[in-house]
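>>> what follows is a predicted protein model with its sequence.
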Amino acid sequence: MGSGREGSGKLSTQSPALMEVPYSYDSRFGEAPGTNPEELVAAAHAACFNMRMASLIAAENLPALQLISACRISLEDGSITRSHLMLEARGEGISEEDFARLAEEARATCPMSRLLNAEVSMEFTYRKN
């Protein structure tokens, strides 16, 4: 509620994972506690990529690895310009070539990667008080 710089809100998800998490201009561009859209996109992209990588490994009947994924989103001039995934894997039983191939496939085919290249459509409702 309020204007862009002075306003604030609370974000909740259908699951109890996020319940009334604060967000504001200062949590996005400053140091205020809370979250921001770029942080949420980064978390979603890392999780999606990690799950896709694990499923690709399992589909090839390769040994499970411990996968630790992170993502950094770049925001420039009001646009998300880059999503950079970082993957650390621990375990053995997969060749470097197979691992690289599967990681690239996971990067290219996880739903969040596809979303970031998707057309954005919209519908809205505006109700006056």
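Great, that's in hand.

>>> please settle this for me: is residue 54 part of a strand?
No. Assessed with DSSP: H, G, I helix; E, B strand; the rest coil, residue 54 is helix; it does not lie in a strand.

>>> roughly how far apart are the nearest residue to it once chain neighbours are set aside and residue 4?
Excluding the flanking residues, the one nearest residue 54 by C-beta to C-beta, 6 or more residues apart in numbering is residue 67, at 6.0 Å. (Glycine included, C-beta is placed from N, CA and C.) For residue 67, the distance to residue 4 (C-beta to C-beta, to the nearest Å) stands at 38 Å.

>>> neighbour count: those two, which is higher?
Each of residue 67 and residue 4 has its neighbours counted (other C-beta atoms under 10 Å); residue 67 has more, 18 against 7.

>>> domain-wise, how is the protein divided?
Taking automatic domain parsing as the domain assignment, the ranges for the chain are 1-35, 36-115.

>>> circling back to that earlier point, wait, a helix at the residue nearest to residue 54?
No. If the criterion is three-state DSSP, then residue 67 is strand and not within a helix.

>>> just the pLDDT for it.
Note on residue 67: pLDDT of 92.

>>> dump the residue contacts of it.
50, 53, 54, 87, 88, 89 (C-beta atoms under 8 Å, 6 or more residues apart in numbering).
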